[in-house]
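Engineer: Predicted model and sequence follow; I will ask about them next.
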Amino acid sequence: MDWVSRIERSVRRRDAVEREPFRSVFGSYAAALRSQATLQSRSFNVQQDNGRLRAQIAELQASLQRLGVGESSSAPAASSATAVSGASSEEMQAQIEDLKRAMARLRDELTEAYRQGRADAKSLLGQKERIDQLVKQTAEKEKVLDETRAELRKAKETIANLYGTVKTFTDENNTLRAMLNEAEARRDELQTQNDEYLTHILAIKNQQAAEMNQVNDMLEHMQRQQDVTAHSIAERVRAGDGVETERKISSVESFDTNAILDAVAWQSNFNVAQPTKVHNAMQGHNGQCTSIRYNASGTMLVSGGTDTIVKVWDVRHGKLKGTLRGAQKSVMSVCFSPNDRYVLASGNDQMARLWSLDTSKMVHVLSSHQKKVYAAVFSGDSRQVITGSHDKTIKVWGTHKGELERTIPAQSSVHFISASPNGDLFASAHLDRCVRLWSLEHGECFATLKHLHTQSITCSEFSRDGTMLLTNSRENVLKIVDVRTHDVVKTLVDDQGEYHNGANWTRAVFSPDGQYVLTGGQDGKLYIWSLHNMKLVTRLSMPDDVKPESLAARKRSQSMSASGGGGGGNNNSGSRSPSLSSSSGGARRGSSAVDQHPLNVTCVAWNRNGRQVASCNNSGQIVLWEP
C-alpha cells in the first residue's frame, strides 16, 4: 500500500538524520578514550622512571653514607683513599644532580600529564553528558519508533483483515451473482413456461371452439335430416305406408346422440350443470367406500373400499360391470388410465395393482413401499404410475413392464397425488401440511408450498388446464393455488360452519368448466362453491329414502317377504343393486367412524360430460347425482 511505503520511507529518513550527531559524538568519545589511555600509559611510564630514579638516588645516598662512615673510623684509611674518594664524590654528585634534574623534568611532565588528564577528563565528562543526553533522546525516539512499529503491525493486521473481509465480500458477491443469474434463468424459464401455458390454453380454447362448432354443425345436420325424414314419413303416411313408417320412426327415435356427446362434451364444457337430485344409489362395498373415479369418456366409474374389492360400474344404468380382486387390505385409491386401458388401485397392504380392462386380469403388482399406499395415479400419457406412501416416499413405475423406475424421498407421509394434464408436473399432499410440486422427468421437487393449511392436507387436485391446484384439509378450508406463481388465489369456507372434512383422504374436485368446486362433508352433504364469488352455492343432502339405514330396512323387509331369500332388490331409482360376495381379507377399518358418521362423504368425482356427479360414503354407498 502507498501509505505503508510512506511510513517506511519516513522512518528511514529520520534514522539517517539522527545518525549523524551520534557519529560525531561517538568519534569524539573514542578519541577521548584513546587520549586517556595514552595519558595513563605515559603516567605509568613516568611513575616507573621516577621509581627507578628514586632507587638510584637512594643507592647513591647509601654509597655516600658509607664513604662518610669510613672516614670517621680510620684515619689511615681515609688518608690513603683521599684521592679516590674525591673523584668518586664529584661523579656521584654530578649523577645526583642529573638525577634531580631528570626527576624535576619527570615531575613537570607528570604534572603536565595530570593537567592534560584533567582537561581530557573534563572533556570526557562533557562528552559523556552529551552521550547520555543523546542516549536519552535515542531511547525516547526508540520508544516512539516502537510505538510506530506497533501501529504499523496493527495497520498490517487491519489490512490483512480488510483483505479477508474484501475476499469474503467478493466471494459472497460472486455467490449472490451466481444465485441472481440462476434466478434470472429460472425467471426466464418460468416466463417461457408461462408463455407456453398461455399458448397451450389458447390452443385448447380454439380447439374447444372448433369442436363446439363441429358439434353444432352435426346437430343442425341431424335436425335437418330429422325434419326431412319426418316430412317424408308424413308423405308416406298420407300415401298409406303405415308399417314401414312406424319402423322408420322407431329407427329415427332410437338414434343415440349421447354417443357423440360422450366423446367430445367433456372437452367443450358447454353442458356443465350443478347436481340437484339422486339419479342412482348403489350399495357398492361391504364397508367404507374410500375412492371413486370416472374414466376419460365418462361412461364408467371405478370404486374401491375397505372390503379389499375394486369394482367397475356402468354410470348410465348404475350397474356393476366387473369386479377386480387381489388386494389383501383396504383399498385407498383407484383410478382409470387416461387411455382407458387399465385400472390402478393401491391400499393398506403396501402395494399397488394394475388390471387390464380388456381382460379384467391383474397385469402387475407394484410392491416396494414399506407402509400403506394412500395415493396412486397415472401420468398424463399413461406410460408411468406414480405412488405415494406413509413411508414418506414417492415411487415411479413403468406401466408396460411394472418395473420400479425411481424412488423419491417425500419428507412426509403422502395423502394424495395428482398428475397435471400438461405433462411432466405432478403434485402431492402431505401430513406435514405441505403441498409439493415435482418434475416427473427429473424426479425433483421444485416447489414446496408451506403454510397453506393449519392441519393435514387431504387432496391436491389440478384444474383441467393445469394452471390451478385445489387443496382440501382437515381444518375444513379449501384453497386454490396458482401453479405458476405458487400464490393462493382463492379460499373457500362454509360461512355457516356446517362443512367438516371427515377423513384424511377426502377429495375435492373442480367442475369440468372450472367454474365450481365440489366436495363432500362428514354430514353426508355435497358442498359446491362458485369460483366467481367464492360463495357456497349448494348444500345437497341425500334423500331419506336412499340413506343407508332406509335401504337396509327395505332390504330386510324384502328378504323377510321373499321365499328362499333371493338376490338383491332394486334401489330407489330402479337400478338393481349388485350382489356382493364377502372377502376373507376385507377386515373393516375405522368401524367407529362408520358407526358415528355413516354418511361421511369420503370421495367425490365430477363426470367430464358435466352432467353427473358421483359420491361415496362410509357406509359403502355410491350415489350418482344429476341436474
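Structural biologist: Received, thanks. Numbers count the residues shown, from 1 in each chain.
Engineer: mind checking how far residue 444 is from residue 432?
Structural biologist: 19 Å (C-beta to C-beta, to the nearest Å). Any C-beta I mention is one placed from the backbone N, CA and C, and that applies to glycine too.
Engineer: out of those two, which sits in the more crowded spot?
Structural biologist: Neighbour count, other C-beta atoms under 10 Å: between residue 444 and residue 432, residue 432 has more, with 14 against 10.
Engineer: any idea which element that one lies in?
Structural biologist: Residue 432 belongs to no helix or strand when assigned by DSSP states H and E.
Engineer: which residue sits closest to it in space, ignoring its chain neighbours?
Structural biologist: By the measure of C-beta to C-beta, 6 or more residues apart in numbering, the closest residue to residue 432 outside its immediate chain neighbours is residue 412, 3.8 Å from it.
Engineer: ok, now residue 607?
Structural biologist: In space, and not counting its chain neighbours, residue 607 is closest to residue 298: 4.4 Å by C-beta to C-beta, 6+ apart.
Engineer: wait, isn't the one you found in contact with residue 612?
Structural biologist: Yes - using C-beta atoms under 8 Å, residue 298 is in contact with residue 612, at 7.4 Å.
Engineer: who touches both of the two?
Structural biologist: Listed as contacting both residue 298 and residue 612 by C-beta atoms under 8 Å, 6 or more residues apart in numbering are residue 315.
Engineer: related to what we said a few turns ago, mind checking the SS state of the residue nearest to residue 432?
Structural biologist: Put simply, residue 412 is coil when judged by DSSP: H, G, I helix; E, B strand; the rest coil.
Engineer: now the helices for the stretch 151-300 of the chain?
Structural biologist: Ranges of helices in the stretch 151-300 of the chain, per DSSP state H, counting those that start in this stretch, are 242-253, 258-268.
Engineer: pLDDT (mean, whole number) over the shortest one?
Structural biologist: By that I understand helix 258-268. For helix 258-268, mean pLDDT is 43.
Engineer: returning to that earlier point: any idea how many residues pack against the residue nearest to residue 607?
Structural biologist: Using other C-beta under 10 Å, residue 298 is surrounded by 23 other residues.
Engineer: and stretch 320-327, how far from the chain's centre?
Structural biologist: Stretch 320-327 sits 43 Å away from the centroid of its parent chain (C-alpha atoms, centre = their mean, to the nearest Å).
Engineer: For it, which residues meet the burial criterion?
Structural biologist: 320-321, 324-327 (16 or more other C-beta atoms under 10 Å).
Engineer: Then stretch 413-424?
Structural biologist: 413-420, 422.
Engineer: got these as TSV, with pLDDT columns?
Structural biologist: Below are the buried residues of stretch 413-424 laid out as TSV (pLDDT from 0 to 100):
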residue	pLDDT
413	93
414	94
415	93
416	94
417	96
418	95
419	94
420	91
422	78
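Engineer: now the residues you listed as JSON lines including distance to residue 618 and secondary structure?
Structural biologist: Converted to JSON lines, those look like this (distance: C-beta to C-beta, whole Å; DSSP: H, G, I helix; E, B strand; the rest coil):
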{"residue": "413", "distance to residue 618": "22", "secondary structure": "coil"}
{"residue": "414", "distance to residue 618": "22", "secondary structure": "strand"}
{"residue": "415", "distance to residue 618": "18", "secondary structure": "strand"}
{"residue": "416", "distance to residue 618": "18", "secondary structure": "strand"}
{"residue": "417", "distance to residue 618": "23", "secondary structure": "strand"}
{"residue": "418", "distance to residue 618": "23", "secondary structure": "strand"}
{"residue": "419", "distance to residue 618": "27", "secondary structure": "strand"}
{"residue": "420", "distance to residue 618": "31", "secondary structure": "coil"}
{"residue": "422", "distance to residue 618": "35", "secondary structure": "coil"}
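Engineer: Need these in TSV (columns: distance to residue 53).
Structural biologist: Converted to TSV, the buried residues of stretch 413-424 look like this (distance: C-beta to C-beta, whole Å):
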residue	distance to residue 53
413	127
414	129
415	132
416	134
417	132
418	135
419	135
420	133
422	134
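Engineer: Quick one: residues in contact with stretch 529-542.
Structural biologist: Contacts with stretch 529-542, where a contact means C-beta under 8 Å, 6+ apart, come from 274-276, 278, 281, 478, 480, 490-496, 498-499, 514-517, 524-528, 599, 623, 625.
Engineer: mind running it again at 7 Å?
Structural biologist: Residues outside stretch 529-542 that contact it (C-beta atoms under 7 Å, 6 or more residues apart in numbering): 274-275, 278, 490, 492, 494-495, 498, 515-517, 524-528, 599, 623, 625.
Engineer: Weed out the non-buried ones from these.
Structural biologist: Buried subset of these (neighbour count, 16+ other C-beta under 10 Å): 274-275, 278, 492, 494, 516-517, 524-528, 599, 623, 625.
Engineer: wait, which of these is closest to residue 30?
Structural biologist: residue 492 (106.1 Å; C-beta to C-beta).
Engineer: Isn't the closest one up against residue 478?
Structural biologist: Yes - the criterion here is C-beta atoms under 7 Å, and residue 492 meets it with residue 478 at 4.1 Å.
Engineer: okay, and the common contacts of these two?
Structural biologist: Common neighbours of residue 492 and residue 478, using C-beta under 7 Å, 6+ apart, are residue 517.
Engineer: Number of residues surrounding residue 509?
Structural biologist: Using other C-beta under 10 Å, the number of residues around residue 509 comes to 22.
Engineer: any idea of the mean pLDDT in the helix or strand hosting it?
Structural biologist: When elements are assigned from DSSP H and E, residue 509 belongs to strand 508-510. What strand 508-510 shows for mean pLDDT is 95.
Engineer: Can you give the contact residues for that strand?
Structural biologist: 459, 461, 463-464, 470, 472, 478, 517-519, 604-606.
Engineer: partners of it in the sheet?
Structural biologist: Strand pairing for strand 508-510, determined by DSSP bridges: strand 516-520 (antiparallel).
Engineer: Please provide the alpha-carbon coordinates for the helix or strand just after the partner strand, formatted as CSV.
Structural biologist: Next along the chain after strand 516-520, taking DSSP H and E as the criterion, comes strand 526-530. What follows is strand 526-530, C-alpha atoms only, in CSV (Å, rounded to 0.1, in the frame of the first residue of the first chain):
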residue,chain,number,x,y,z
LEU,A,526,-72.3,-32.3,-1.0
TYR,A,527,-70.9,-28.8,-0.9
ILE,A,528,-70.5,-26.7,-4.1
TRP,A,529,-68.7,-23.3,-4.2
SER,A,530,-68.9,-20.9,-7.1
